[in-house]
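Student: Dropping a prediction and its sequence here:
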Amino acid sequence: MSPDPAPSPSLARRDVLRLGGGTAAALVAARTVGSGAAAATPSPLTSPFTPAVAGPILKPLPPEWFVTYGTNAEMRWDSVDPRRYLTATERLFVRNHTTTPTIDPASYTLRIFGDGLADARTPERAHVLSYDDLLRLPSRTVTSLLECTGNGRSFFASQQGTPASGTAWQLGAVGTVRWTGVPLATVLRRLGVRPDAVDVQAAGLDAPFVSGGVDYGRVRRPFPVSKALDDALLVYAMNGRPLLPDHGFPVRLLLPGWVGIANIKWLGELEVSRAALTSPWNTKWYRMTGGDYPVDSPPLTVLPVKSAFELARDAVLPVGRRTVLTGRAWSGAAPVARVEVSTDGGESWDNAQLTRRGHGGGWAQWAYPWRPRTAGQHVLLARATDRAGRTQPETVPYNDNGYLFSAVVRHPVSVA
Ligand SMILES: Nc1nc2c(c(=O)[nH]1)N[C@H]1C(S)=C(S)[C@@H](COP(=O)(O)O)O[C@H]1N2
Ligand SMILES: [Mo]
């Protein structure tokens, strides 16, 4: 992914904070845990609000914008404004395994350890970075998708007749955001990484995840050192403002183009290892299991190609009048090359116009004018193709947890 220099259309000048980047002289401090050298300087950024009561999700979830499922909430596609490219922070979906913690940036630390570092460190002797240390390092801003691995899961039931377990997302567990942070490569290069290091494990500071009476520990997931040194970002701002608590304040990981779970929120630890690392989030979950998948299917990484209409399901459209259908298409692998639309349930297809090509790793916007001639029920479909040559299929093979539903979604409307 390349840096994205284009100005954000939805970022008003007055909203731009000075994020502390650019003072390249800042060194990664090699303080050790328990050395008593905790950061005392007040941070230029403070949490946007302090909740009175902790709930699973702290930001408001107005029903016009969100469909809520316990600790998770998805964006309603019919609330998306086609004039805005980025997903506003207030409108981005939330996926919590536990509940959003409230973390004080003044005492926040990121601990980096492992035998893959040039100077091997045990967790007890970890390198420690404060929030201010991170703000002082050179920053980078990128536009990138964030999508839950299970986005679209409900269509395994409604379109393929094989319900999968997990949150019954429609298509709203996705967004495109401008993220600002420190390249993980910058930090790792300063600390020194051994050439034979293979994996980095990122762990969150939210509560341990307990399910069915089993404590699986902190939400954590390993990824290859190659991704760490390529485009991984230690993010402290989204859309020009500090992260919201629900999205990982004070610091989260961004692995551009990769499944949602790879983007660990409330990032507290990074272990750099010379041996392959595991966690339940790459062995038990977030790999394909069940159906016709082999037992050793690899952990999921890159997001597939998908599309959505900016329209309610069962929307009512006027007969005999022109309606411009709009939507977005995205892929974790490459920019979107083409979007086709069918207004007759998939009998015939026509190219939609790409009205805005993706920025960096963000989605593309498309439009398709349609004048329905007959009243009644119609099924709309959109089918995207990316520049990696991947096209949305008609169906996808079943997997037990309903991951990566990338088949074309049937969108019913009525014309009256
Ligand atoms: N620490 C931690 N990180 C996490 C999660 C979590 O529950 N805890 N959920 C993951 C999942 S499954 C997704 S889809 C994304 C959601 O990010 P968002 O809530 O900012 O949209 O965060 C990921 N990072
Ligand atoms: Mo997710």
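Tutor: Ah, there it is. Numbers count the residues shown, from 1 in each chain. Ligands and ions are numbered 1, 2, ... in the order given.
Student: Please look at Thr301 and Ala262 and confirm they touch.
Tutor: Yes. Thr301 lies in contact with Ala262 (CB atoms under 8 Å); the separation is 7.3 Å. For the C-beta atoms, the positions are set from N, CA and C on the backbone; glycine is no exception.
Student: More neighbours: those two, which one.
Tutor: A count of neighbours by other CB atoms under 10 Å puts Ala262 above the other of Thr301 and Ala262, at 27 against 18.
Student: Identify the residue nearest that one in space, chain neighbours excluded?
Tutor: Leu255 (4.2 Å; CB to CB, 6 or more residues apart in numbering).
Student: If we go by neighbour counts, what in the helix or strand containing Leu381 is buried?
Tutor: Secondary structure assignment for Leu381, by DSSP states H and E: strand 376-386. For strand 376-386, a neighbour-count test (16 or more other CB atoms under 10 Å) marks 378, 380-386 as buried.
Student: What parts of this structure come near ligand 2?
Tutor: Counting by CB under 5 Å from the ion, the positions of the chain adjacent to ligand 2 are 95, 148-149, 260.
Student: residue contacts, the residue nearest to Ala262?
Tutor: Counting by CB atoms under 8 Å, 6 or more residues apart in numbering, Leu255 touches 223, 227, 231-232, 262-263.
Student: returning to that earlier point: of all the buried residues of strand 376-386, which two lie farthest apart?
Tutor: Between any two of these, the greatest separation by CB to CB is 27.0 Å, found for His378 and Asp386.
Student: residues of the longest helix along the chain that come out buried?
Tutor: Assignment by DSSP state H gives helix 184-191 as the longest helix of the chain. For helix 184-191, burial by neighbour count (16+ other CB under 10 Å) applies to 184-188, 191.
Student: Just the C-alphas of it, formatted as PDB.
Tutor: Taking C-alpha atoms only, helix 184-191 is exported to PDB below (Å, rounded to 0.1, in the frame of the first residue of the first chain):
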ATOM      1  CA  LEU A 184       5.500  -0.900  12.900                       C
ATOM      2  CA  ALA A 185       8.600  -1.200  10.700                       C
ATOM      3  CA  THR A 186      10.000   2.000  12.100                       C
ATOM      4  CA  VAL A 187       9.700   0.700  15.600                       C
ATOM      5  CA  LEU A 188      11.000  -2.700  14.800                       C
ATOM      6  CA  ARG A 189      14.000  -1.400  12.800                       C
ATOM      7  CA  ARG A 190      15.000   0.800  15.700                       C
ATOM      8  CA  LEU A 191      14.800  -2.100  18.100                       C
END
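Student: Show me what the helix or strand just after that helix is packed against.
Tutor: For helix 184-191, the following helix or strand on the C-terminal side (DSSP H and E) is strand 199-204. Under the contact definition 3 or more CB pairs under 8 Å, 6 or more residues apart in numbering; DSSP states H and E, strand 199-204 sits against strand 220-224, helix 225-230, strand 267-273.
Student: now what about the longest one, what contacts it?
Tutor: Outside strand 267-273, the residues that touch it by CB under 8 Å, 6+ apart are 109-117, 123, 126, 184, 188, 193, 197-205, 218, 220, 222, 225, 228, 234, 248, 251-253, 277.
Student: quick one, that strand and helix 184-191 angle?
Tutor: Strand 267-273 and helix 184-191 are oriented at 60 degrees to each other (axes from the mean of the first three to the mean of the last three CA atoms, to 10 degrees).
Student: just the helices in the stretch 101-250 of the chain please.
Tutor: For the stretch 101-250 of the chain, the helices defined by DSSP state H, counting those that start in this stretch cover 131-136, 154-158, 184-191, 225-230.
Student: Switch those helices over to a markdown table; also include mean pLDDT.
Tutor: Shown next, in a markdown table, are the helices of the stretch 101-250 of the chain (pLDDT from 0 to 100):
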| stretch | mean pLDDT |
| --- | --- |
| helix 131-136 | 98 |
| helix 154-158 | 98 |
| helix 184-191 | 98 |
| helix 225-230 | 98 |
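Student: Please produce TSV containing these, extended by distance to ligand 1.
Tutor: Putting the helices of the stretch 101-250 of the chain into TSV (distance: least, CB to the nearest ligand atom, whole Å) gives the following:
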stretch	distance to ligand 1
helix 131-136	17
helix 154-158	15
helix 184-191	16
helix 225-230	15
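Student: Let's have these in a markdown table, adding distance to Ala168.
Tutor: Shown next, in a markdown table, are the helices of the stretch 101-250 of the chain (distance: least, CB to CB, whole Å):
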| stretch | distance to Ala168 |
| --- | --- |
| helix 131-136 | 36 |
| helix 154-158 | 4 |
| helix 184-191 | 34 |
| helix 225-230 | 30 |
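Student: Show me the shaky parts of this structure.
Tutor: 1-55 (pLDDT under 70).
Student: Give me the domain ranges for it.
Tutor: 9-283, 306-415 (automatic domain parsing).
Student: picking up where we left off before, how about the buried residues of strand 376-386 in CSV, adding distance to Pro63?
Tutor: Formatted as CSV, the buried residues of strand 376-386 follow (distance: CB to CB, whole Å):
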residue, distance to Pro63
His378, 26
Leu380, 24
Leu381, 27
Ala382, 25
Arg383, 30
Ala384, 29
Thr385, 34
Asp386, 33
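Student: hang on, the earlier thing: out of the contacts of strand 267-273, which end up buried?
Tutor: 109-114, 116-117, 126, 184, 188, 193, 197-205, 218, 220, 222, 225, 228, 234, 248, 251-253, 277.
Student: Between Thr301 and Ala262, which contacts overlap?
Tutor: Phe223.
Student: quick revisit: pull the CA atoms of the strand holding Leu381 into CSV?
Tutor: The C-alpha trace of strand 376-386 is given here as CSV (Å, rounded to 0.1, in the frame of the first residue of the first chain):
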residue,chain,number,x,y,z
GLY,A,376,-43.7,-5.3,-8.1
GLN,A,377,-40.8,-7.2,-6.5
HIS,A,378,-37.4,-7.0,-8.1
VAL,A,379,-34.0,-8.3,-7.1
LEU,A,380,-30.9,-6.1,-7.6
LEU,A,381,-27.4,-7.6,-7.6
ALA,A,382,-23.9,-6.0,-7.8
ARG,A,383,-20.8,-7.9,-8.7
ALA,A,384,-17.3,-6.5,-8.2
THR,A,385,-14.0,-7.5,-9.8
ASP,A,386,-10.7,-6.4,-8.4
